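1. The following block contains a protein sequence and its predicted model.
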Amino acid sequence: MFEACADPKSIEGLTWYLCYFTSAKHVDFYWSFLTVLLLLAITAPAALGMGFMGATAARSHIAPVSWLGKIYIWMVRGVPDIIFFLFFVIALDQVIEYSKSLVVCESHAWPWQGLEFRVCPEAKVPLGKSAAFWHQAYGFMLAVVTFAIVFGAFVANVIYGAMQAVPRAQLETAEAYGMSRRQVFRRILVPQMWIYALPGLGNLWMILIKATPLLFLLGVRDIVYYARELGGSKTQAYEYPHGDWRLWYFLGLLVFYLIFTRISEIGIGKLTARLSHGQATAGGEALRRAGA
C-alpha cells in the first residue's frame, strides 16, 4: 500500500508493522467488521418483524393460526441454535437450488450424493462461474435469513408475554368505548406492550451480538475468520512472518465486543427511560418520584 513496503527485505521497525497491518489481507479484516455490523443492522429489524408476526399469530382467535404461531415459537426455541444454524442453512440452500432446477433443468432426475442431490450446473446458486463476491453475498443472505428465523422465535416469545402483561382493564375499557378488536390492538395493546417487551428485547439484542461469530461456522468470512487466519503463524497456502499471534487478534475482538455491548447498554437504558414516562410500571414510578 505504501511505497516503503515495496521491498519486504528492507522493512524493519515501525515501518514493518505499518506495512503488515495495511496489507490487503488486513484491509479485508477491517472490512469484515462492517460485515458484522451489516448483519446486525439487517437481522435485528427482520427478527423483530418475524417475532411480531409470530406473537400476533399465537394470540389469534383463529385456532390454526394460533397453533402455527405457537409451533413456530416452540420448535425454534426447542432446538440448540448451532444445530438449527447448520441444518437450516444447508436445507434452505437445497430448497432454493431444487426450486430453480424445476425451471432451468431439462431433466428432473437428480442423482443423490449422500444427503445432497446434484442439480444441473445451471441451477446452482450462485453459478459456478460467478465471482467470489456473489458466493459470499449468497452465504451472507442465507445467514441473515437463518438469524432472523431463529431470533424471531425468541422475539415472538418476548412480545407474546409483553402483550399478556398489558392490563386487561385497559383493553376492556377501549372495547367499552366502541373500539373494534383491530383498533384495540393497534391503538392500545401495541403501544402499551413495548415497555414490557423492552427488557427481554434488550437481552436478545445482546445475545444476537454475541452470536455473530456463528457467521464463521456458516462459511462467511467475518472477523473471527480473519482473526484466526491472520493470527496464526501459517495457513495452508503460505507462512506469515510472525509467530502465533492469535491471542492478540482475539483479544482485539474481545475489546470490540465489550465496547459494542457497552454502547448498546447505554442506548437501551435511554430508550427504556423514554418509554417509561407516564407508564404504570416500576420504571415509570421511579421517574415520577425523581421528578417530584
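-> Yes, it's here. Residues are numbered from 1 along each chain as shown.
2. which helices and strands sit right next to the host helix or strand of residue 44?
-> Assigning secondary structure by DSSP states H and E places residue 44 in helix 24-58. Here helix 24-58 touches helix 63-77, helix 132-165, helix 190-211, helix 214-217, helix 223-231, going by 3 or more C-beta pairs under 8 Å, 6 or more residues apart in numbering; DSSP states H and E. Placement of C-beta: from N, CA and C, glycine included.
3. hmm, 6 Å instead?
-> helix 63-77, helix 132-165, helix 223-231 (3 or more C-beta pairs under 6 Å, 6 or more residues apart in numbering; DSSP states H and E).
4. Can you name the element that comes right after the second one?
-> Scanning forward in sequence from helix 132-165, with DSSP H and E defining helices and strands, the next element found is helix 168-176.
5. Quick check: residue 123 touching residue 103?
-> No: if you go by C-beta atoms under 6 Å, residue 123 and residue 103 don't touch, sitting 8.2 Å apart.
6. ok, those two, which is more surrounded?
-> When residue 123 and residue 103 are compared for neighbours, residue 123 comes out ahead with 19 against 8, by other C-beta atoms under 10 Å.
7. Please name the nearest non-neighbouring residue to the more buried one.
-> Distance criterion C-beta to C-beta, 6 or more residues apart in numbering; nearest residue to residue 123, sequence neighbours excluded, is residue 101 at 3.7 Å.
8. give me the number of residues near the one you found?
-> Neighbours of residue 101 (other C-beta under 10 Å): 21.
9. which SSE is it in?
-> Per DSSP H and E: helix 81-104 holds residue 101.
10. relative to helix 190-211, how tilted is that helix?
-> Calculated by axes from the mean of the first three to the mean of the last three C-alpha atoms, to 10 degrees, helix 81-104 forms an angle of 100 degrees with helix 190-211.
11. Helix 81-104 - contacts with which helices or strands?
-> Partner elements for helix 81-104 (3+ C-beta pairs under 6 Å, 6+ apart): helix 132-165.
12. for the chain, which spans come out with low pLDDT?
-> Residue ranges of the chain with pLDDT under 70: 1-13, 108-117, 233-242, 276-292.
13. if I pick residue 162, what's in contact with it?
-> By C-beta atoms under 6 Å, 6 or more residues apart in numbering, the contact set of residue 162 is 193, 196-197.
14. picking that back up, isn't the residue nearest to residue 123 up against residue 124?
-> No: between residue 101 and residue 124 there is no contact under C-beta under 6 Å: 9.1 Å.
15. Quick check: closest non-adjacent residue to residue 205.
-> In space, residue 205 comes closest to residue 264 once its chain neighbours are excluded; the distance is 6.1 Å by C-beta to C-beta, 6+ apart.
16. Tell me how far the one you found lies from residue 118.
-> Residue 264 sits at a distance of 44 Å from residue 118 (criterion: C-beta to C-beta, to the nearest Å).
17. Please identify which of those two sits among more neighbours.
-> residue 264 (16 against 13).
18. before we move on, the earlier item: work out for me the element the residue nearest to residue 205 sits within.
-> Per DSSP H and E: helix 246-276 holds residue 264.
19. what's the first-to-last distance across stretch 118-128?
-> One end of stretch 118-128 to the other measures 13 Å (C-alpha to C-alpha, to the nearest Å).
20. Buried residues, the helix holding residue 44. List them.
-> For helix 24-58, a neighbour-count test (16 or more other C-beta atoms under 10 Å) marks 29, 32, 35-36, 39-40, 42-44, 46-48, 50-58 as buried.
21. got it, and stretch 91-104?
-> 96-97, 100-101.
22. out of those, who's nearest residue 247?
-> Proximity of these to residue 247 (C-beta to C-beta) peaks at residue 96, which lies at 39.6 Å.
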